[in-house]
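>>> Pasting a predicted model and its sequence here:
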Amino acid sequence: MKKLILSLLFVMQAVVAWAQQTGSVQGKVVESKSQKPMQNVVATLDATGKTALTNSEGVFVFTDVLAGSHVVVVATTGFTSQTFTVEVAAGQPLDLGVVSLEEDITSEQQLSLITITDNDLGDDNSGSENTAGLLQASRDVFQQAAAFNWGMARFRIRGLDNEYGITMINGITMNKLYDGRPQWSNWGGLNDATRNQEFTMGSAPSDYTFGNILGTQEINTRASIYRPGGRISFSGTNTNYSWRAMATYASGMDKDGWAYVISASRRFAQEGYFEGTDYSANSFFASVEKKINDKHSLNLTSIYAQNSRGKNSPNTAEVNNIAGEKYNSYWGYQDGEKRNSRDKDVEEPVIMLTHYWNMTERTSLTTTAAYQFGHIGNSRLDYQNASNPDPTYYRNLPSYYNNLGGDNAANQNTLATFNTNRQLNWDFLYQTNQNTQNGRSAYVLYEDRTDDDIFTANSILRSQLSDNIVVNGGVTFKNVKSHNFQNLLDLLGGQFFEDIDNYYTGDFSQSDLNNPNRRVVEGDTYGYNYYLHANNVDGFAQFKFSYSKVDFYLAGNYSRSDYQREGLYRNGLYANNSYGKGEKITFDNYGAKGGITYKLDGRNSIVFNGVHMTKAPTLRNTFPNARLNNNVVNGLTSETINSGDISYVIRTPKLKGRITGFYSTIEDATETSFFYGEGIFEGDDADAFVAETVTGVNKRMFGGELGLEYNLTSTIKINAAASYGQYTYSNNPNVSINNDALAAVTINDSGTGTVNLNPATSVDFGKSSLKNYRLAGMPQQAYSLGLEYRDPHYWWIGGNANYLADNYIDVSALLRTENFFQDPAQSGGLPFSPIDDAKAKQLLRQEKFDNFFLFNLQGGKSWKIGNQTFGFFASVNNVLDKTYKTGGFEQSRAANYQNLLVDNKNGTPSFGSKYFYGYGRTYFVNLYLNF
């Protein structure tokens, strides 16, 4: 008993001593204009990472705060954050008094971001947006520069594609299993409704997922966290659309426990920045929450975002020199109006039901079930036994005749013809179809269609095990049934179209041997028709430890993915390997990561993050020729990913900054592409339309990042950001080519007649010498310097200067195999003779785009009128109207040394690289009313 009493006295003494070393911090947050309390504002103690939310009275409280100097940050979406340096005295409460938050009218810049980044350059049927990194809009200076200042140049954070970041809505991952990227258009035009976001950078810990190496973006649509009130806005711009109208209203939580948010928008343009790019989008959002009691709430979210837009063509230097950078070969006049043959249509509604369960004061469980359905269509022209209708088809350009040795008169005649007929001739297509036999259409308009049904269920646990330890964990299940098919949209004046491949004859020409010689009409499926089935199970656990000088975390995850193709057509070329379900392929993956933050004091810290993980290949890269057969890429494996970064972070009332060094590797990646090549194979069949698969791709990305923000005065702020990277291929991967023509091989068997052997159609071309070539499609250097003036009377103006460099073209892997030097006219792989090594090196040198400078201006003003706030935001990007390339790719049509040499002999190749260009001078003006 004596020992017990002594022990209790010792513990009580320790508790009293601890209490004497700690204090408390509290404050009340109000909106500056109305002076009304603000709920759900986040207050953060920087030194410990502890957070507290304001209650309905606007009050936040921190207890057990160690005595000493601390930095307190008070922030919420749409308002300027406040930073305080405070001295906490042992055993004493510290009251910050009233903290007044002003509306951050610079946040209107977020509403213009989508006009820069949702215009994807891809022309495939992936349905997702290959945009410039995560759509970061957090308070980190570097991330803001990457999104707002460099996004128009397709800058990618750390050289990483979107598939290496995770985008979530209410904890549900929105990245598509088909290619790993999110489809931004699924919630496009709903900027007001999706402004409640949390971000992590790199492999830093997230409360919602294990993540990846680019970072995470979590969008929260819980109705009760929206600031009550309404908002109406109207915008004008000259980017991918011209006008936008948007309205949003949030009710707040009423006395009966109900809250709701509704939002709608309309965006449209007869023609965007590039010629012939029409745009039409309608978006609707609704979120309803019912608070059952203090422990349970249910929230139903529905999102509908329909988007239709005309694409713009990538063009060769020859075409750009003749017609300009805004030229678009995809459109032509029909009945006096511009009609684009390449439209992208997206309509994929999402419904989510979320259950919030506060199990105890320290433990919560959030469970969400989501269902997404709808379709994505990418239209284009199809034709049979007719000439190519593309105005930029190589035979329509002067370079073709020039490279064949034509005289100057012939070149001038071709140029004159192109200038007269450089748009798609819809009238010619209709006339041709009306003059064919039996009403057969020679030309039709169709769409590559993807109809996805996606079910996802997710549970996320958060528990405060102690004052210093937080555990997060989650389990996610996703099921995908993706219907992919060719849908006939318009017969263009004809009566039917034949469902055959006219490059082949007999059974080989049939799309579906189960229904041969079909005549299809508008609305029919033809060409290809199949399902992709996928299941994914993912689980993670994460422990975060927080102490006075050190924070650290450890996390791990496991996932299993299985894929299967189910053919609905029995294709004539792959009669034995196209119909029905193919092989089911399974990938097991894992990951482990950790990090530590060492706090030098309340303002300065050093942060390290590291991760090792594996990642399943995407559906796109699993089935190399999914439109025609069930084949799986030979030797396909998961990617292995390693990444680490170290940062120095400073946060004071006047200066905020971060400098980071990072190093990442990706191993065993797979890439696929499709093209027509000449001189690829030996003999008479040297030319073919092929599918290229590059396996065992290794990439290395390393560099540094800098973000600084300094308040020169209470009204003037200067910010700077920089990124320097080297992003390269780090090995020589393997190239294989799938040639469908190899399937059209028969023998004559005396017993059975002609028999299709269905031999292997994949040809191994060996290693491609890609090592040390630069990764393409992004500036690898970017620098920004900005100045902002914020007047106390609620107006502001800012400008930033940006320099972007080291952007490279996407090189052809096939051209860098040994096959490039082999003469297809000779058997046995004999090389061309002679070969000029200097010329060959010049032909294969990776093109580097010109560096460029961009200057941007932004400004805004708001007025308080009664209980309403009226304001506007305006920006002008690329003020100096600089012309610059954002990306491009080498064509692989001239696929060997001799063909490429001849094509380049006069300096204007017929099959030269194709380029994408950024916007010139553009503007964005937004008028809004908050009530």
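Okay, I see it. Numbering: from 1, shown residues only.
>>> For the stretch 351-500 of the chain, which segments count as helices?
With DSSP state H, counting those that start in this stretch applied, the stretch 351-500 of the chain shows helices at 398-403, 408-420, 426-434, listed in chain order.
>>> end to end, how far does stretch 211-221 reach?
Terminal residues of stretch 211-221 lie 20 Å apart, using CA to CA, to the nearest Å.
>>> repeat for stretch 581-589
Per CA to CA, the first residue of stretch 581-589 is 24 Å away from its last.
>>> Now stretch 313-325: buried residues?
Across stretch 313-325, burial judged by 16 or more other CB atoms under 10 Å covers 313, 314, 315, 316, 317, 318, 319, 320, 322, 323, 325. The C-beta positions use only the backbone N, C-alpha and C, and glycine is treated the same way.
>>> actually stretch 598-618, not the one I wrote
Applying 16+ other CB under 10 Å to stretch 598-618 flags 599, 602-603, 605, 607, 609-611, 613-618 as buried.
>>> in the chain, which spans are helices?
When assigned using DSSP state H, the helices of the chain occupy the ranges 2-20, 110-117, 141-144, 317-323, 398-403, 408-420, 426-434, 619-622, 837-843, 897-903.
>>> and the fourth one, what does it pack onto?
Other helices and strands packing on helix 317-323, by 3 or more CB pairs under 8 Å, 6 or more residues apart in numbering; DSSP states H and E, are helix 408-420, strand 914-917.
>>> Compute the number of surrounding residues for the nearest residue to residue 88 once chain neighbours are set aside.
Taking CB to CB, 6 or more residues apart in numbering as the measure, residue 88 lies nearest to residue 23, with 4.4 Å between them; neighbours along the chain are not counted. For residue 23, the count of nearby residues is 23 (other CB atoms under 10 Å).
>>> coming back round to it: out of the helices of the stretch 351-500 of the chain, which comes closest to residue 817?
When the helices of the stretch 351-500 of the chain are ranked by distance to residue 817, counting by CB to CB, first place goes to helix 398-403 at 24.0 Å.
>>> list the helices and strands that closest one packs on?
Counting contacts by 3+ CB pairs under 8 Å, 6+ apart, helix 398-403 packs against helix 408-420.
>>> repeat that with 10 Å
Packed against helix 398-403 by the contact rule (3 or more CB pairs under 10 Å, 6 or more residues apart in numbering; DSSP states H and E) you find helix 317-323, helix 408-420, helix 897-903.
>>> Go through these and find the least confident stretch.
Least confidently modelled of those is helix 408-420, at a mean of 78 by mean pLDDT.
>>> Name the residues of that one that come out as buried.
Of the residues in helix 408-420, those buried (16+ other CB under 10 Å) are 411, 414, 418.
>>> Turn the buried residues of stretch 313-325 into CSV, including distance to residue 529.
Supplementary listing: the buried residues of stretch 313-325 in CSV, determined by distance: CB to CB, whole Å:
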residue, distance to residue 529
313, 28
314, 29
315, 33
316, 34
317, 39
318, 38
319, 35
320, 38
322, 40
323, 38
325, 38
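>>> Point out where this structure drops to low pLDDT.
Where the chain drops to pLDDT under 70, the residues are 1-21, 33, 47-49, 105-139, 406-408, 410, 679, 682-687, 745-759.
>>> coming back round to it: for the buried residues of helix 408-420, which one is nearest residue 277?
Proximity of those to residue 277, judged by CB to CB, is greatest for residue 418, which lies at 21.1 Å.
>>> I'd assumed residue 390 was in contact with the closest one.
No - in this structure residue 418 lies outside contact range of residue 390 using CB atoms under 10 Å: 11.6 Å.
>>> Identify the contacts common to those two.
When contacts are counted by CB atoms under 10 Å, 6 or more residues apart in numbering, residue 418 and residue 390 are jointly contacted by residue 396.
>>> can you give me the strands in the stretch 101-250 of the chain?
165-169, 172-173, 197-201, 215-219, 229-237, 243-250 (DSSP state E, counting those that start in this stretch).
>>> got the buried residues for the fifth one?
I take that to be strand 229-237. 230, 231, 233, 235, 237.
>>> Kindly report the same for the third one.
Neighbour counts using 16+ other CB under 10 Å place 197, 199, 200, 201 of strand 197-201 among the buried residues.
>>> can you count the residues close to residue 597?
21.
>>> Let me see the contact set for it.
If a contact means CB under 10 Å, 6+ apart, then residue 597 has 47, 49, 204, 546-547, 549-553, 605-609, 647, 649 as its contacts.
>>> Turn the buried ones among these into a named ChimeraX selection, would you?
Here is the ChimeraX command that selects the buried residues among those (16+ other CB under 10 Å):
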select :47,204,546,551,552,553,605,607,609,647,649
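>>> looking at the sheet around residue 30, what are its partners?
residue 37, residue 100 (DSSP bridges).
>>> can you tell me how far it sits from residue 79?
Computed with CB to CB, to the nearest Å, the distance linking residue 30 and residue 79 is 11 Å.
>>> Pick out whichever of these two has more residues nearby.
Looking at residue 30 and residue 79 with other CB under 10 Å, you find the greater number of neighbours at residue 79, namely 21 against 18.
>>> what separates that one from residue 195, distance-wise?
Residue 79 sits 11 Å away from residue 195, going by CB to CB.
>>> so residue 438 touches residue 496, yeah?
Yes - because the distance of 8.2 Å satisfies CB under 10 Å, residue 438 is recorded as touching residue 496.
>>> overlap in contacts of those two?
Taking CB under 10 Å, 6+ apart as the contact rule, the neighbours common to residue 438 and residue 496 are residue 519.
>>> Compare these two (neighbour count), which wins?
In this comparison of residue 438 against residue 496, neighbours counted by other CB under 10 Å, the higher total goes to residue 496 at 18 against 8.
>>> Show me the beta-bridge partners of the more buried one.
For residue 496, the beta-bridge assignment (DSSP bridges) gives partners residue 440.
>>> and the gap between it and residue 771?
In this structure, residue 496 and residue 771 are 52 Å apart, going by CB to CB.
>>> What is the neighbour count of the residue nearest to residue 95 when sequence neighbours are not counted?
In this structure, residue 95 finds its nearest non-sequential neighbour in residue 26, 5.6 Å apart by CB to CB, 6+ apart. Neighbour count for residue 26, taken as other CB under 10 Å: 16.
>>> Surely residue 26 is in contact with residue 57?
No - counting by CB under 10 Å, residue 57 is not a contact partner of residue 26; they are 11.3 Å apart.
>>> which ones are touching the closest residue to residue 250 other than its chain neighbours?
Distance criterion CB to CB, 6+ apart; nearest residue to residue 250, sequence neighbours excluded, is residue 226 at 3.7 Å. Listed by CB under 10 Å, 6+ apart, the contact partners of residue 226 are 40, 77, 192-193, 195-196, 220, 248-253, 259-261, 263, 287, 289.
>>> Kindly report the same for residue 52.
Taking CB under 10 Å, 6+ apart, we find residue 52 in contact with 25-27, 41-45, 59-63, 72, 74.
>>> partner residues bridging it?
residue 43.
>>> can you tell me how far it sits from residue 91?
Here the criterion is CB to CB. By it, residue 52 lies 20 Å from residue 91.
>>> same deal with residue 418?
Here the distance between residue 418 and residue 91 works out to 84 Å (CB to CB).
>>> Brilliant, that's me finished.
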